[in-house]
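Asker: whatever this is, show me its structure:
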Amino acid sequence: MSFVVEIQPEVLPKTDNSVGIDLGIKTFATFSDGTKIDAPKPLKKRIKKLRKVKFVII
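Answerer: Numbering: from 1, shown residues only. You can find the predicted model right below:
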C-alpha cells in the first residue's frame, strides 16, 4: 500500500531558542539542557506477566 500526500509547508517564526538531542540506548534521549528521558522497557513488563503464566504442552 502506498500513500501520497501533498501539503503546503508551514514557515515557522525564527527564535533564538534551540536545544540539542542525543538519542541513546540506556537513556532514550538527553537534551542539551540536561533533561533525560529513560528508554521504554516493554520486555521487563512482559517478563513479569509471563512468569505467572503456566504453559501446558499437550
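Asker: who touches the lengthiest strand in the chain?
Answerer: Ranked by number of residues, the top strand in the chain under DSSP state E is strand 27-31. Here strand 27-31 makes contact (CB atoms under 8 Å, 6 or more residues apart in numbering) with 19-24, 36-40. To be clear about C-beta, it is placed using only N, CA and C from the backbone, and glycine gets the same treatment.
Asker: again, 7 Å this time
Answerer: Strand 27-31 has contacts (CB atoms under 7 Å, 6 or more residues apart in numbering) with 19-24, 36-39.
Asker: same list, those residues, but as CSV with pLDDT, distance to Pro9 and neighbour count please.
Answerer: Listed next are those as CSV, based on pLDDT from 0 to 100; distance: CB to CB, whole Å; neighbours: other CB atoms under 10 Å:
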residue, pLDDT, distance to Pro9, neighbour count
Val19, 86, 22, 8
Gly20, 91, 24, 8
Ile21, 91, 22, 10
Asp22, 91, 27, 10
Leu23, 88, 25, 10
Gly24, 86, 30, 11
Lys36, 93, 32, 12
Ile37, 90, 28, 13
Asp38, 87, 33, 9
Ala39, 81, 32, 11
